[in-house]
Every structure is written in structure tokens, then in C-alpha cells.
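> here is my input, please return the structure:
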Amino acid sequence: MAPKVLVVLTSHGRIEAANKPTGWFLPELSHPYDVLTKAGVEVVTASPKGGVAPLDPWSVEMSKEDAGAQAFAKDKKAIWEKTETLSSFKGRADEFAALFYPGGHGPMFDLVDDADSIAVIEEFASKGKPVSAVCHGPVVFLNAKGSDGKSLLSGKDVTGFSNAEEDAVDLSKYMPFMLEDRMKAVGGNYKKADQPWGEMVLVQDGGKLITGQNPASAKAVGEAILKAIGA
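Have a look, this model is predicted:
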């Protein structure tokens, strides 16, 4: 039987303060999806509200030269338009090999403190299954705790969308907080690439915790997941 990876997408589609649409970021799902499915892994998608998980239109525009991402956007709509409700996956970690959260700005507003998401993350982690995220996705780990009661990120080498990158896209003033700062605040040993937009993927505990910094890191996160699950 093919291993399965549970992918959780945001349900948050608008940054009200900026009057801008948001959601999940196209290549942060398409690149890992391609890596995983080509290796025979089955991908199951969920979101807090179920149904359509909003795709950030800016990410489609930013990826117009990315043939793989554009093909995914055109041909794989059911992947994000027919997501299952996240709450239905509580107590089901044994069915999956790993858990993955793509980014986009949406997770900063809903998944950061979503009780069902936190419960699912903690269940996967307690069973020693890889939990992974890229770009703004690692925000989902901020309020999750390990079996020792400490933050899942405490003492770990971790990465996520940097302050410099947030400033570069001119959205810092609209964020509830800065991801880099908050990852440090919960005890994570935050690291980033030498230059903004450079690839950075950090793998901890033999693949049990995988984080990627930005869209350029998404494919490598997919490869790290693949290695972690032995597929």
C-alpha cells in the first residue's frame, strides 16, 4: 500500500487590513506534491473549513515562469478545492506516514492557533511521525507542544519566512506578528539562508521535524519528507 501524507492548507483567504486576497502559496504545494506523487506517495488534503482552500492569486502570478506550478494550478484543482475537514483527521495519525503544511500568508491568521491543527500535529509528533512545513507554514508549530510539555520548536534548528523577506513583500505591517521573531520566542534556534529567497531546509531528529524557509525551499522540503518516510 502506498504511503500517505496528510497536507493541511489554510482556509483564510483575505488579509482584511491590506484589503488583499491571500491563501496558500502555489509552488509550496505544487513542488512537494510533484516530488511525493512521483515517488508513489498518496497525498490527502485537509483544511480547517474543508472544501475550497483559497489559492493566493499573487502566487500564481509570481510562478508564471514555473511550468510545473502552472500545470498543477491548471490540472489539479480538486487537490485544493475538495479538501476534507481537518477535524476529521484527529485520532488518525496511524493512517499516514507524515504531515505537511505549505505556507502562504493564510496560515498566519487561521492555522496558528487552530485547535484541531494543534491536536493533529501533537498526535503525529507523539507517534514519531515526521511533521513538516515551509515558508509561513511553520507558524503551525508555534503553539504545538512535545511530550515534554515544551514547544515543539524548543531547542531545534528551524526556519521559516524571514523578517527580511516579509519586509521585501511589504506585508510586515499587516501581519499579526513576525514569524522569525515568534519562532525564536518559543525557543527555536532560527536559521536562514545567507540571502533572502535563498534555499534553506532544516531537518531535525532524524526527519521528525522538517522546516523550509521560503518558496525556493519547497521542493527540497518534499525531498526531505520523502527521505524521512523511506519512500
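
> which residues of the protein fall in helices?
Assigned by DSSP state H, the chain shows helices spanning 26-38, 57-62, 67-75, 77-81, 115-126, 163-168, 179-185, 218-229.

> make CSV from these and add distance to residue 91 and mean pLDDT to it.
Every residue, glycine included, has its C-beta placed from N, CA and C. Formatted as CSV, these follow (distance: least, Cβ to Cβ, whole Å; pLDDT from 0 to 100):
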stretch, distance to residue 91, mean pLDDT
helix 26-38, 23, 98
helix 57-62, 32, 97
helix 67-75, 30, 97
helix 77-81, 24, 98
helix 115-126, 7, 98
helix 163-168, 35, 98
helix 179-185, 28, 98
helix 218-229, 20, 98
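
> most neighbours per residue, which of those?
Using mean count of other Cβ atoms under 10 Å, the stretch among the helices of the chain with the largest mean neighbour count is helix 26-38, at a mean of 24.

> can you tell me what sits against stretch 140-157?
Residues outside stretch 140-157 that contact it (Cβ atoms under 8 Å, 6 or more residues apart in numbering): 8, 101, 107, 111-114, 117-118, 121-122, 125-126, 131, 133, 138, 158, 182-183, 186-189, 191, 202, 204-205, 209, 211.

> now which of these would you call buried?
8, 101, 107, 111-112, 114, 117-118, 121-122, 125, 131, 133, 138, 158, 182-183, 186, 188, 202, 204, 209, 211 (16 or more other Cβ atoms under 10 Å).

> before we move on, back to that, now render the helices of the chain as JSON lines, adding distance to residue 90.
Conversion of the helices of the chain to JSON lines gives the following (distance: least, Cβ to Cβ, whole Å):
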{"stretch": "helix 26-38", "distance to residue 90": "22"}
{"stretch": "helix 57-62", "distance to residue 90": "29"}
{"stretch": "helix 67-75", "distance to residue 90": "28"}
{"stretch": "helix 77-81", "distance to residue 90": "21"}
{"stretch": "helix 115-126", "distance to residue 90": "5"}
{"stretch": "helix 163-168", "distance to residue 90": "31"}
{"stretch": "helix 179-185", "distance to residue 90": "25"}
{"stretch": "helix 218-229", "distance to residue 90": "21"}
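
> which one of these lies closest to residue 13?
For the helices of the chain, the distance to residue 13 is smallest for helix 57-62, at 9.9 Å, taking Cβ to Cβ.

> list the contacts of residue 87.
48, 116.

> what pLDDT does the model give the residue of the chain most remote from its centre?
Ranking residues of the chain by C-alpha distance from their mean position (Cα atoms, centre = their mean) puts residue 1 at the top, at 25.1 Å. On the pLDDT scale, residue 1 is placed at 79.

> swap in residue 147?
For residue 147, the pLDDT comes out at 89.

> tell me how many other residues surround it.
9 (other Cβ atoms under 10 Å).

> ok, it to residue 133 distance?
20 Å (Cβ to Cβ, to the nearest Å).
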